[in-house]
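Student: requesting a structural model of the entry that follows:
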Amino acid sequence: MLTIPRSLYELAPTTLASNRSERFDGAGYEVPSAHFAPPDRILLDRVYRAINGLPLLWNSMRHAPDYTALEDYVRRVEAEALMNDAKHLGEATRATGAYTPAVRNALHDIRGGGLTVFLGTAELLGMVPGDRDMIRRCVDAARDHAKIMRNLLPDIDPVVRAADEATKAHGIDHFTSKWDGMATQGPTGPVSVGVQCAFEGAISARCLETSSIDRVVYNYVNNAVRFAAGGAVTLWVFPVADGLTRWVVQNAIAPDQSAFLAEKAGPGFERLFAGGVTRGGTGVGLANCAEIVADCFGLPSPAEAVRHGYLGATTQGTDYHSWFHWPAYSPTTQRTDSRVVEQLTGVV
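Tutor: Numbering: from 1, shown residues only. Got it, this is the predicted structure:
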């Protein structure tokens, strides 16, 4: 039986109320394509088609995967300067003066999210060609990022977006299996992710909610990968109360990063989740996380969520911990035909 360190229980209260009368469904962050300038619409469509093509290819052969074909696709997409397209997203919209906070927040997670992990893992795959586990990790990251894009851009793939909205329970293994053993390229070398999970059961009621959880986890892990001293990141998932789970991302940090946080992050590190505090990034990612978690629990503001420990960050010795909470899901008798969802989305 996995033993959770007491220090992880002490990060925040273990009883946190929800003000929602109905479960958070993952919606509410949509930015229609009309909000982007035409050149950005072209880039968004190109990024989505490139990233979504990999899980679609996997789905067409999932019972007898052709790993050579999958690896060829990964290399071809990487060679097509996918990250370059993502890097220039928003430039045309900014030039029109229509770069709203909603556009900015959406583009942050479209440039990052699973795309960052996909590209980092694809880079490692180039060093160990033929590694089947790494190929599958690329598929998982691409699948997740396509879902994130459909969550944020409702008209980029409306038919599949409709499937994402349908009720379908997602177990915790949907998250733990893809992260445990994940390896990606960090700024100074490879970084591995390990998972320690003491929760069993369902955590999400639909793909749209799953993509909201993914937005938080990818922001946390991508930040951890950037600053991990020693090349290792650990994701902890465990219950803290009946129907309530805590997710903690832990990584060692260098003394200069610890000093930066002590100087800039504020008491309780609350400034990290308000936007603007960053080293080489934008400061938007953790603010997005605070908004999502506050919405999940029906809180009046992201600041309220941070203030009461629904999410947060701290250092303990040489380790940095960032955490958030999410309610477990108890499936009802309502069912969705998963075969339809699989056909539409590629991988569930």
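Student: can you show me the strands along the protein?
Tutor: For the chain, the strands defined by DSSP state E occupy 167-171, 182-186, 189-197, 202-206, 232-241, 244-252, 311-316, 319-327.
Student: which stretch among those comes nearest residue 158?
Tutor: strand 202-206 (16.0 Å; Cβ to Cβ). Every residue, glycine included, has its C-beta placed from N, CA and C.
Student: got the angle for that closest one vs strand 319-327?
Tutor: Interaxial angle, strand 202-206 versus strand 319-327 (axes from the mean of the first three to the mean of the last three Cα atoms, to 10 degrees): 60 degrees.
Student: as CSV, the strands of the chain with distance to residue 45 and mean pLDDT would be great.
Tutor: Below are the strands of the chain laid out as CSV (distance: least, Cβ to Cβ, whole Å; pLDDT from 0 to 100):
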stretch, distance to residue 45, mean pLDDT
strand 167-171, 26, 95
strand 182-186, 26, 91
strand 189-197, 30, 96
strand 202-206, 24, 97
strand 232-241, 32, 97
strand 244-252, 32, 98
strand 311-316, 33, 96
strand 319-327, 31, 97
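Student: okay, those strands in CSV with distance to residue 97 and mean neighbour count next?
Tutor: Below are those laid out as CSV (distance: least, Cβ to Cβ, whole Å; neighbours: other Cβ atoms under 10 Å):
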stretch, distance to residue 97, mean neighbour count
strand 167-171, 40, 18
strand 182-186, 36, 21
strand 189-197, 39, 17
strand 202-206, 36, 22
strand 232-241, 39, 19
strand 244-252, 37, 22
strand 311-316, 33, 20
strand 319-327, 34, 22
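Student: do you know which of the ones you listed lies nearest residue 82?
Tutor: strand 182-186 (14.6 Å).
Student: sheet partners, orientation included, of the closest one?
Tutor: Partners of strand 182-186 in the sheet, by DSSP bridges, are strand 189-197 (antiparallel).
Student: nearest to residue 57, of the strands of the chain?
Tutor: strand 182-186 (20.3 Å).
Student: show me what that closest one is in contact with.
Tutor: Residues outside strand 182-186 that contact it (Cβ atoms under 8 Å, 6 or more residues apart in numbering) are 116-117, 120-121, 123-124, 134, 137, 190-193, 225-226, 228, 231.
Student: change it to 10 Å
Tutor: If you take Cβ atoms under 10 Å, 6 or more residues apart in numbering as the criterion, strand 182-186 is touched by 116-128, 131, 133-134, 137-138, 140-141, 190-195, 221-222, 224-228, 231, 233, 235.
Student: give me the nearest residue to residue 297, chain neighbours excluded.
Tutor: residue 18 (4.7 Å; Cβ to Cβ, 6 or more residues apart in numbering).
Student: residue 294 versus the one you found, what's the distance?
Tutor: The gap separating residue 18 from residue 294 is 11 Å, by Cβ to Cβ, to the nearest Å.
Student: returning to that earlier point: I figured the residue nearest to residue 297 hits residue 243, correct?
Tutor: Yes - taking Cβ atoms under 10 Å as the definition, residue 18 is a contact partner of residue 243 at 9.2 Å.
Student: who touches both of the two?
Tutor: By Cβ under 10 Å, 6+ apart, the residues touching both residue 18 and residue 243 are residue 327.
Student: who has more neighbours, the two?
Tutor: More neighbours surround residue 18 than the other of residue 18 and residue 243, with 16 against 12 (other Cβ atoms under 10 Å).
Student: got the contact list for that one?
Tutor: Here residue 18 is in contact with 24, 243, 244, 296, 297, 298, 299, 310, 325, 327 (criterion: Cβ under 10 Å, 6+ apart).
Student: surely the second one meets residue 327?
Tutor: It refers to residue 243. Yes - the pair residue 243 / residue 327 is scored as a contact, 5.8 Å apart, by Cβ under 10 Å.
Student: which of the contacts of strand 182-186 count as buried?
Tutor: Neighbour-count burial (16 or more other Cβ atoms under 10 Å) applied to the contacts of strand 182-186 gives 116-122, 124-125, 131, 134, 137-138, 140-141, 191-193, 195, 221-222, 224-228, 233, 235.
Student: take the residues you listed and keep only those in helices.
Tutor: In helices, judged by DSSP state H, the following of the buried ones among the contacts of strand 182-186 are found: 116-122, 124-125, 134, 137-138, 140-141, 221-222, 224-227.
Student: still on that earlier bit, and the furthest pair within the contacts of residue 18?
Tutor: Farthest pair in these, by Cβ to Cβ: 243 and 299, 17.0 Å.
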